[in-house]
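Visitor: My questions are about this predicted structure, shown below with the sequence.
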Amino acid sequence: MELRLTKFADVNFNDVFFDSLKQDYAEIPVWFEKKAQAGDSAYVFYGDAGAIDGFLYLKVEDGVVSDINPPLPYGRHVKVGTLKINAHGTKLGERFLKKIFDYVVASDAQDVYVTVFEKHGGLISLFERYGFEKHGNKVTPNGVEWVLYKQLSNVPGDITKRYPVVLANGRRKFLLTIYPEFHTRLFPDSILNNEDPEAIIKDVSHTNSIHKVYICKLFGADQLRCGDVIVIYRTGNEVTPAWYSAVATSICVIQEVVLLSMFRTVDDFLAYCLPFSVFSEEELRRFYRDGKYPYILRFSYNYALPKRLNRATLVTNCGMVDSRWGCTELNDRQFSHILELSGANENIIIN
């Protein structure tokens, strides 16, 4: 299964996947052809058999959005131009939401909105789960659509609803150590070339989901609580000393920490971990059987830091003690230094 940034011209618009869109929007064949001629691209999800199972088109709108009621004020907005998903019980909807929010952040937009017919209740519920609210309506010859709207400056109490925004002010912060082999699987867009400002938009890894489960035996991991902010720290490689190769890469928010011993059976353990884990079922069964990793961390993957700070910078410029790090609490000053030196977006991390 793969999510690809694909030219409209390379997408088979005759695929049966698009039939329902053609029924809802009479003008979509003409619109699609215009996008193809303009060289525009969309995110297309291809299933195991190569069939299209998801399609997402995003665009930036600068100024006033006046074709909805009530209009959106002057500013930079992201519009979810077209979105259709054949979920098949997967986390595909979450993957597309992650891509939408990545695009919003990379575009330095203030908000994001989507129009959707009321009959698409599942899609509406998905957006509402991540903080979209009904803003108004859009009236076209196709009918009346709901306008669902999310403003990044609106910070609700619920962690999922305020995603991708991280409420760090007044919260505990920790540095969480992860080995490279697991880091690559957990945080695919945190391994990209920092020199490319378009990188986070181009990244289309299917493992790039919002919610993660990580299983570990790090000292201090049991002290983590819901709402704690964690800075992900990828340990060094075997070639270059950790002083230079170990780096802080991402900002996440803890949702829950549970103990392996809390699961009565392996099936209970799999039911909890498998939907959000990058580990295979075989690996998870081995973890459960061996019992070497007692802590299961569930967290949201909110933000890939634009600049990765290596261990040398964390110690020399951020005030961290040069010692063995596992799950290490950060003070506010250390955390602020990390945000500043990494060039973090102040609209996403409220510190």
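Guide: Okay, I see it.

Visitor: switch to C-alpha atoms for all contacts and neighbour counts from now on
Guide: Will do.

Visitor: ok, now how distant is the residue nearest to the spatial centre of the chain from residue 117?
Guide: In the chain, the centroid-proximal residue (CA atoms, centre = their mean) is residue 98; its distance is 3.5 Å. As judged by CA to CA, to the nearest Å, residue 98 and residue 117 stand 22 Å apart.

Visitor: For burial, what's the neighbour tally of residue 255?
Guide: 20 (other CA atoms under 10 Å).

Visitor: how far out from the middle of the chain is the helix or strand where it lies?
Guide: Assigned by DSSP states H and E, residue 255 falls within strand 247-259. Centroid separation between strand 247-259 and its chain, computed with CA atoms, centre = their mean, to the nearest Å, is 13 Å.

Visitor: List the pairing partners of that strand within its sheet, with orientation.
Guide: strand 229-234 (antiparallel), strand 295-310 (antiparallel) (DSSP bridges).

Visitor: any idea which helix or strand comes after the longest one?
Guide: Taking DSSP H and E as the definition, the helix or strand that follows strand 295-310 towards the C-terminus is helix 311-316.

Visitor: rewinding a little: in the helix or strand just after the strand holding residue 255, what counts as buried?
Guide: Next helix or strand after strand 247-259 toward the C-terminus (DSSP H and E): helix 266-273. By neighbour count on 16 or more other CA atoms under 10 Å, the buried set for helix 266-273 is 266, 269, 270, 273.

Visitor: residues touching the third one, list them.
Guide: Going back to what we said before, that points to residue 270. Residue 270 makes contact with 281, 284, 285, according to CA atoms under 8 Å, 6 or more residues apart in numbering.

Visitor: ranking the strands paired with strand 247-259 by burial, who's on top?
Guide: With neighbours taken as mean count of other CA atoms under 10 Å, the strands paired with strand 247-259 reach their highest mean count in strand 229-234, at a mean of 26.

Visitor: State the mean pLDDT of that one.
Guide: Average pLDDT, strand 229-234: 96.

Visitor: Stretch 48-59 too?
Guide: On average, stretch 48-59 scores 89.

Visitor: What lies in contact with it?
Guide: Against stretch 48-59 from outside (CA under 8 Å, 6+ apart): 1, 15, 17, 41-47, 78-87, 92, 96, 100, 103.

Visitor: Fine, thanks again, bye for now.
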